[in-house]
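In: here's my sequence, what's the structure:
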Amino acid sequence: MLQSLSRGWWFVVAGTVTAVIGGVVGFFVPKALDPQRPIAVNVVSNPATVAAWGNDTFSVVLPADARPATPPPLTCGSILDWAHGNGGVDQEATRVRLVVQGASDKGVLIDGMRARPIRRTATPDPGGISLACGGPQGVATPRRIAMDLDRAEPSAEYATKVDGRLPLFGFTLQKGETEVFELTASTKGTVEWVIVLDLVVDGKAQSVEVTNHGQSFRTTGFVSPRGYRVMAGADHWVGCAGTPSTCGGKPVSPADFRYS
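Out: Prediction:
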């Protein structure tokens with residue numbers, strides 16, 4: 001049975017979630033949860049708001065025909081929201097945090113996580129300029145879970161060792177217990193996809209589909225020949241060009257951006 005979770009069903013108390021995988025943490029959950037759903041899921045699709053990825057550089061490819069009505073902001077979290085709002089696609093990797101809470105009196109076995117590709121190409125679709133932000137902030141970047149979207153059947157695998165080994169899926173969430181998944185999904189092509197959680201509830205297999213707030217996740221391996229970036233700790237944009245990309249030091253006003 002395929003269920004769809006197109007948006008977060010519950011909300012986190014103010015503050016950043018920092019629990020490691022395998023840890024049980026407490027969250028506020030609204031009283032009115034759909035009793036038919038075995039789990040509640042909160043999706044955080046802006047990685048700049050997640051401390052675990054504080055050491056990463058985030059890049060989004062805009063459409064080749066992009067004509068934004070407003071200039072891009074300067075803070076990294078706002079840049080990513082602005083770029084996605086203007087049709088941008090995550091470049092190289094999509095990072096998603098899922099906070100999953102058990103909502104069944106019988107407990108829920110998390111048997112696996114995979115991607116269901118909606119559309120994908122082996123070579124990346126052409127795009128326009130890239131916008132990038134973030135970078136070293138002095139915070140380690142744990143790789144919790146990784147997924148190769150170019151596989152025939154993409155499935156998530158733990159990328160961080162626990163007690164000297166890579167753990168496997170196959171643990172049970174009791175009602176009210178919470179698990180945090182930090183997923184990095186990559187491609188060399190272009191993929192539109194959704195997440196599928198494979199569960200076992202009361203001895204019966206179920207699949208719950210998780211979307212990006214009602215939309216598919218989108219990831220591309222397209223390398224933009226040029227773009228713009230806000231360096232870590234900076235308050236201005238700089239121009240970047242070449243492969244690999246090299247950025248200059250001279251500030252560039254968003255009013256002077258060339259989108260095509």
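In: which stretches in the stretch 51-200 of the chain count as strands?
Out: Along the stretch 51-200 of the chain, the stretches classed as strands by DSSP state E, counting those that start in this stretch are 57-61, 89-91, 93-102, 108-121, 130-134, 145-148, 157-158, 171-173, 178-186, 190-201.
In: what's in contact with the fifth one?
Out: Strand 130-134 is contacted from outside by 48, 53-54, 56-62, 72, 76, 79-80, 83, 88, 91, 224, 226-230, 232, 240, 245, using Cβ atoms under 8 Å, 6 or more residues apart in numbering. No exception for glycine: its C-beta is placed from N, CA and C like everyone else's.
In: ok, the first one next?
Out: The contact list for strand 57-61, computed with Cβ under 8 Å, 6+ apart, reads 47-48, 76, 79-80, 83-84, 88-92, 95, 127-135, 220, 222, 224, 227.
In: could you flag which of those are buried?
Out: 47-48, 76, 79-80, 83-84, 88-92, 95, 127-135, 220, 222, 224, 227 (16 or more other Cβ atoms under 10 Å).
In: give me the below-cutoff pLDDT ranges for this protein.
Out: Scanning the chain for pLDDT under 70 picks out the ranges 1-35, 136-143, 161-167.
In: contacts only, for Ala48.
Out: Contacts of Ala48 by Cβ under 8 Å, 6+ apart are 58, 76-77, 79-80, 133-134.
In: make a markdown table from the residues you listed and add distance to Val180 to it.
Out: Listed next are the contacts of Ala48 as a markdown table, based on distance: Cβ to Cβ, whole Å:
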| residue | distance to Val180 |
| --- | --- |
| Phe58 | 20 |
| Cys76 | 21 |
| Gly77 | 19 |
| Ile79 | 25 |
| Leu80 | 20 |
| Cys133 | 24 |
| Gly134 | 21 |
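In: closest to Ser260 out of those?
Out: Nearest to Ser260 out of the contacts of Ala48 is Ile79 (Cβ to Cβ; 19.5 Å).
In: isn't that closest one up against Val230?
Out: Yes - counting by Cβ atoms under 8 Å, Val230 is a contact partner of Ile79 at 6.6 Å.
In: which of the contacts of strand 130-134 fall in helices?
Out: 76, 79-80, 83 (DSSP state H).
In: closest to Arg114 among those?
Out: Nearest to Arg114 among the ones in helices among the contacts of strand 130-134, with distances taken as Cβ to Cβ, is Leu80, at 24.7 Å.
In: the closest one: what's it in contact with?
Out: Contacts for Leu80 (Cβ under 8 Å, 6+ apart) come out as 46-48, 58, 60, 133.
In: would Ala255 count as being in a strand?
Out: No - Ala255 sits outside any strand when classified using DSSP: H, G, I helix; E, B strand; the rest coil, being helix.
In: now do the same contact list for it.
Out: Taking Cβ under 8 Å, 6+ apart, one finds Pro71 in contact with Ala255.
In: ditto for Pro73
Out: By Cβ under 8 Å, 6+ apart, Pro73 lies in contact with 79, 82.
In: gap between it and Val96?
Out: Separation of Pro73 from Val96 (Cβ to Cβ, to the nearest Å) stands at 22 Å.
In: do the same with Asn55
Out: Counting by Cβ to Cβ - Asn55 and Val96 are separated by 17 Å.
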